[in-house]
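1. Predicted model follows, preceded by the sequence.
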Amino acid sequence: MAFQPILDLARGGVYAYEALVRRPGGISAAEVFQGLEGQELGRMERRLVWEAMAAAARLRLPGFLRINLGSTLFGNEAALNYLADMATRAGLSPGRIILEFP
């Protein structure tokens, strides 16, 4: 996991960090998800969201945490509640999480 800072030019500081999947050997996020479908894709996405939240909490990153999500976690209230609970378990306020959907 890598965290790309997002700057607020008006305030002159970091506004948020975007969580980016990074794997050894230069494997891209697209390659991580390549060939995954259905439940397997959903499990991988949830695992990576957890890793992003846990790492951000461990590193005590300030500001918001932006996470890109695929379609497996989009569009239903239960999934959003699950993500809020996941943030709390990781040690982050759910109010600090910004979700991006395709």
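-> On my side now, so go ahead.
2. Which residue ranges of the chain form helices?
-> Under the criterion DSSP state H, the chain carries helices at the ranges 29-33, 38-59, 77-90.
3. looking at the chain, which helix or strand does the model trust least?
-> helix 29-33 (a mean of 77; mean pLDDT, DSSP states H and E).
4. got the contact list for that helix?
-> Around helix 29-33, the neighbours that count as contacts under CB atoms under 8 Å, 6 or more residues apart in numbering are 20, 21, 23, 41, 44, 45, 48, 70. In short, each C-beta sits where N, CA and C put it, glycine included.
5. ok, now how distant is residue 22 from residue 69?
-> Separation of residue 22 from residue 69 (CB to CB, to the nearest Å) stands at 17 Å.
6. Could you check which of the two is surrounded by more residues?
-> Neighbour count, other CB atoms under 10 Å: between residue 22 and residue 69, residue 69 has more, with 17 against 13.
7. For the more buried one, give me phi and psi.
-> Backbone torsions of residue 69, given as degrees, to the nearest 10, read phi -120, psi 150.
8. mind listing what it touches?
-> Applying CB under 8 Å, 6+ apart, the residues contacting residue 69 are 45, 49, 99, 100, 101, 102.
9. Hmm, which of these is lowest in pLDDT?
-> When those are compared by pLDDT, residue 102 scores lowest at 70.
10. Give the burial count for the closest residue in space to residue 54 that isn't next to it in sequence, as a bare number.
-> Distances taken as CB to CB, 6 or more residues apart in numbering put residue 90 closest to residue 54, at 4.7 Å, once the chain neighbours are dropped. Around residue 90 there are 19 other residues, counting by other CB under 10 Å.
11. and if you look at residue 4?
-> With neighbours defined by other CB under 10 Å, the count for residue 4 comes to 10.
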